[in-house]
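# Kindly return the folded structure for what I paste below:
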Amino acid sequence: MLPSGRFAGGCTLAALAMLAIGRFVPLPTWLLATEVFATILGLFVFGSFTYQIHKNALTYGMSLIIVATFSRLATSTWHVEIAERGWPAWVQHHLLSFSGLDDLIHADTMLFILGLTLFVSVIAQTRLLEGITFYLLRRNQGVILPTVISVTAVVAIASGALGGVSMIGLTIRTFVIILMLGAAPVAAVRYAVLVCTAITTICGVWTAYGEPPNLIMKANLYPHLGNAFFLVYGVPVAVAGYLTVAWQLRRRLMGPRVDLENMDVIDANAEDVRFLQASRHGEVMTPVELIEGHAADLGDKAERVIERMRTGESLGIALIRADVSEPMRRMLLGHFVSEELADGLDRHYGYAQEGLDEQAFQAELAVDEVLAITGQVRRRAQKIGGVALVPFIAMLVVHGVNDQVPLFLASFAGFFAALPAIRHIPKMRRLALREAGQEYAEYFFLFPLFLSITLLTSAGFFDVMQSLVLHGIAVLGRAHVAFAQFLGSTFLSAILDNNIVADFASRGLHGLDATVLRFFAMAQIAGYALGGCWTHIGCAQSVVAFAFIQRDVDEHYTPVQWIKDITSTILQIMAFMAAIIYAEGFLLRWL
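You can find the predicted model right below:
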């Protein structure tokens, strides 16, 4: 990681140089565009290889150069506005009004994402998805394939309603739990994590609120893109993505199953155990994360415990068979569940290891009693979280009817309605707020990029793009241009960030006929959703999934392996989407 301070200092000197040069020579628009695209490309280059720069340092540092260059352009709409109305009027409109900040940095969208992150983080603490997953696992008699496919359907729908970024972490951990219970191969676990990226990214495009890029597209192209647009155009894309993923899962997960009758007490009550973790310890972890966190205490036994768990052994049995001492076992079990249950759990596992089933069952009874009490508290919290969806959806409807009502009020209404579910549990409440803060921090690098693209718009750069689109329609036809935009958005989103691709690509569609504009917008949406999960940095979900694989599944996993593992799925979905685009183009010819 290269020093952020030195990079920011170099950018400051470069910005001062631009200001000095611009006093004598008017700077061209193409230089501003070059700086913006260099920043975007730098996110890929300095985020993928050996020498890296923190993305916040990169974007905020480069924004100094971009703003300096823009200030020395010969002309722009902002220069004209300042010349005609003066600085006070410009500041009042662009910096001191909500609509001005929304135009500048997508303030409404970013505040909505903040509220949604808080809202979903609170609901996640009630362990709702784990409860659904184990309910389905029991209904499917322990067979993993139909369980995973059913859960992906639930997540696909929820990603459209609550945001894919908010769902990714919880979905990954839930999948990994049941796959490890079924002793699935490491390759299958890795692929399941990749699938979580595809489901939460591609299948979240069926509403405007499922993906941050959707909201950016909607804001840039309003009023042509409303909620109805995403239902009509986004549902086929989401369905195509889901069907492809389900087919791939069928090939890779056929066979593994969980022995429900002999399931470990901790695994059988996963939702209550994780609720207990959050309420007692202020953190939620998988067994692998627990062992890795205490690797220094376990020494060379840590890897043996992890290997045993990856073959399907429970945490307690793996600790015993790896010859971990009794005091250490009880300390780890206490940290994983609660200190008051550590002795009972350790006795239970000791009897089970010796084949003393009756004694193991008796030792388990006290554990079951505490978990049953925890289950009552959890279900109450889940009911409150479910009720919180009512004000959230109501405010979305109000915003859809009257766009003057800010969108972010919906997500914050949901958050404040859900907060009472965990308000009385201090450690869980702090955990939810901390996880939401960590998740939202991943978006900080976007603010200077949004500002940079707004400066490009003011400088007239996107007028050229609009001319190119119109020329392409005249020469190639609408369907071919739409497919070219789809491919372009796919590849750019793979090496950049799909939020940025959505912002600058959508700005080139202004001035088109409304029907054609929606057609091209659909192609771009399909592209940035697909490209976002092609690489480890294409979207926020990919970043989370790649970090999880390296930390908990395979520490030697590389970006190249990610691309190799997911490319076949990407190409199949690409074929589906190409068919959808050309079918839509064919229909447009007859309208």
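# check which helix or strand covers the residue nearest the centre of the chain.
The chain has V165 as the residue nearest its centroid, 2.4 Å off, counting by Cα atoms, centre = their mean. Using DSSP states H and E, V165 falls within helix 164-181.
# sorry, back to before: what distance do you get for the residue nearest to the centre of the chain to C196?
12 Å (Cβ to Cβ, to the nearest Å). Every residue, glycine included, has its C-beta placed from N, CA and C.
# Now for the two: what residues contact both?
Q541 (Cβ atoms under 8 Å, 6 or more residues apart in numbering).
# Put the alpha carbons of stretch 111-121 into CSV.
Below are the C-alpha coordinates for stretch 111-121, written out as CSV (Å, rounded to 0.1, in the frame of the first residue of the first chain):
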residue,chain,number,x,y,z
LEU,A,111,-28.5,9.4,1.8
PHE,A,112,-31.0,6.8,0.8
ILE,A,113,-28.2,4.2,0.7
LEU,A,114,-27.0,5.3,4.2
GLY,A,115,-30.5,4.9,5.6
LEU,A,116,-31.0,1.6,3.8
THR,A,117,-27.6,0.3,5.1
LEU,A,118,-28.7,1.2,8.7
PHE,A,119,-32.2,-0.3,8.2
VAL,A,120,-30.9,-3.6,6.8
SER,A,121,-28.1,-3.9,9.4
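# residues making contact with that stretch?
162-163, 165-167, 209, 212, 215, 388, 392, 406-408, 410-412, 414-415, 418, 432-433, 435-436, 439-440, 443.
# Pull out the buried members of those residues.
Among the contacts of stretch 111-121, those that count as buried by neighbour count (16 or more other Cβ atoms under 10 Å) are 162-163, 165-167, 209, 212, 215, 388, 392, 406-408, 410-412, 414-415, 418, 432, 435-436, 439-440, 443.
# Filter those residues down to just the ones in helices.
162, 165-167, 212, 215, 392, 408, 410-412, 414-415, 418, 432, 435-436, 439-440 (DSSP state H).
# where along the stretch 251-400 of the chain do the helices fall?
Applying DSSP state H, counting those that start in this stretch to the stretch 251-400 of the chain gives helices spanning 265-268, 270-281, 287-293, 295-298, 301-310, 315-321, 326-336, 339-354, 357-387, 389-401.
# Make TSV out of those helices and add distance to G42 and mean pLDDT.
TSV is the format used below for those (distance: least, Cβ to Cβ, whole Å; pLDDT from 0 to 100):
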stretch	distance to G42	mean pLDDT
helix 265-268	45	82
helix 270-281	38	88
helix 287-293	32	88
helix 295-298	35	89
helix 301-310	37	87
helix 315-321	43	90
helix 326-336	41	90
helix 339-354	48	87
helix 357-387	40	86
helix 389-401	35	87
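# and those, which is most packed in?
helix 270-281 (a mean of 23; mean count of other Cβ atoms under 10 Å).
# correct me, but V390 touches A417?
Yes - counting by Cβ atoms under 8 Å, A417 is a contact partner of V390 at 7.5 Å.
# what about dumping the CA coordinates of stretch 13-21 to PDB?
In PDB, the C-alpha atoms belonging to stretch 13-21 read as follows (Å, rounded to 0.1, in the frame of the first residue of the first chain):
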ATOM      1  CA  LEU A  13       1.200  20.300  -6.100                       C
ATOM      2  CA  ALA A  14      -0.200  19.200  -9.500                       C
ATOM      3  CA  ALA A  15      -3.400  21.100  -8.800                       C
ATOM      4  CA  LEU A  16      -1.400  24.200  -8.000                       C
ATOM      5  CA  ALA A  17       0.500  23.800 -11.200                       C
ATOM      6  CA  MET A  18      -2.800  23.500 -13.200                       C
ATOM      7  CA  LEU A  19      -4.000  26.700 -11.600                       C
ATOM      8  CA  ALA A  20      -0.700  28.500 -12.500                       C
ATOM      9  CA  ILE A  21      -0.700  27.200 -16.100                       C
END
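# what mean pLDDT does the helix holding V165 have?
For helix 164-181, mean pLDDT is 80.
# about what we covered before: the helices of the stretch 251-400 of the chain: which one's closest to F450?
Closest approach to F450 among the helices of the stretch 251-400 of the chain is made by helix 389-401 (20.6 Å; Cβ to Cβ).
# helices or strands up against that closest one?
When contacts are defined as 3 or more Cβ pairs under 8 Å, 6 or more residues apart in numbering; DSSP states H and E, helix 389-401 sits against helix 408-418.
# 10 Å - rerun?
Contact analysis of helix 389-401 by 3 or more Cβ pairs under 10 Å, 6 or more residues apart in numbering; DSSP states H and E lists helix 107-125, helix 144-162, helix 227-229, helix 408-418 as its packing neighbours.
# what sits up against it?
108, 112, 115-116, 119, 123, 161-162, 207-209, 226-228, 405-418 (Cβ atoms under 10 Å, 6 or more residues apart in numbering).
# one step back: between the helices and strands packed on helix 389-401, which gets the lowest average pLDDT?
helix 227-229 (a mean of 84).
# buried sites along it?
Buried residues in helix 227-229 (16+ other Cβ under 10 Å): F229.
# ok, I570 to H480 distance?
Relative to H480, and taking Cβ to Cβ, I570 is found at 21 Å.
# The two: which is more packed in?
When I570 and H480 are compared for neighbours, I570 comes out ahead with 20 against 15, by other Cβ atoms under 10 Å.
# Leaving out sequence neighbours, find the closest residue to that one.
W534 (5.2 Å; Cβ to Cβ, 6 or more residues apart in numbering).
# my guess is L145 contacts V258, does it?
No - counting by Cβ atoms under 10 Å, L145 does not reach V258; the two are 11.4 Å apart.
# Looking at these two now, which is surrounded by more residues?
V258 (26 against 19).
# if I pick that one, what's in contact with it?
134, 137-138, 140-144, 147, 178-184, 267-268, 312.
# of these, buried ones?
Of these, these count as buried by 16+ other Cβ under 10 Å: 134, 137, 140, 142-144, 147, 178-184, 267-268, 312.
# For the host helix or strand of I21, could you pull out the residues that count as buried?
Assigned by DSSP H and E, I21 falls within helix 4-22. By 16+ other Cβ under 10 Å, the buried positions in helix 4-22 come out as F7, A8, C11, A14, A15, M18, L19, G22.
# Need the contact partners of that helix.
3, 27, 31-32, 35, 46, 53-54, 56-58, 60-74.
# From those, which land in strands?
Of those, none are assigned to strands by DSSP state E.
# circling back: mind putting the helices of the stretch 251-400 of the chain in JSON lines, distance to M254 included?
Shown next, in JSON lines, are the helices of the stretch 251-400 of the chain (distance: least, Cβ to Cβ, whole Å):
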{"stretch": "helix 265-268", "distance to M254": "22"}
{"stretch": "helix 270-281", "distance to M254": "24"}
{"stretch": "helix 287-293", "distance to M254": "25"}
{"stretch": "helix 295-298", "distance to M254": "34"}
{"stretch": "helix 301-310", "distance to M254": "20"}
{"stretch": "helix 315-321", "distance to M254": "26"}
{"stretch": "helix 326-336", "distance to M254": "32"}
{"stretch": "helix 339-354", "distance to M254": "30"}
{"stretch": "helix 357-387", "distance to M254": "32"}
{"stretch": "helix 389-401", "distance to M254": "35"}
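# and of those helices, who's closest to Q550?
helix 287-293 (11.6 Å).
# Pull the distance from that closest one to the chain's centre.
23 Å (Cα atoms, centre = their mean, to the nearest Å).
# now do stretch 320-332
36 Å.
# Contacts for that stretch next, please.
Under Cβ under 10 Å, 6+ apart, the answer for stretch 320-332 is 287, 290-291, 293-294, 297-309, 313-316, 318-319, 339, 341-347, 349-350, 352-354.
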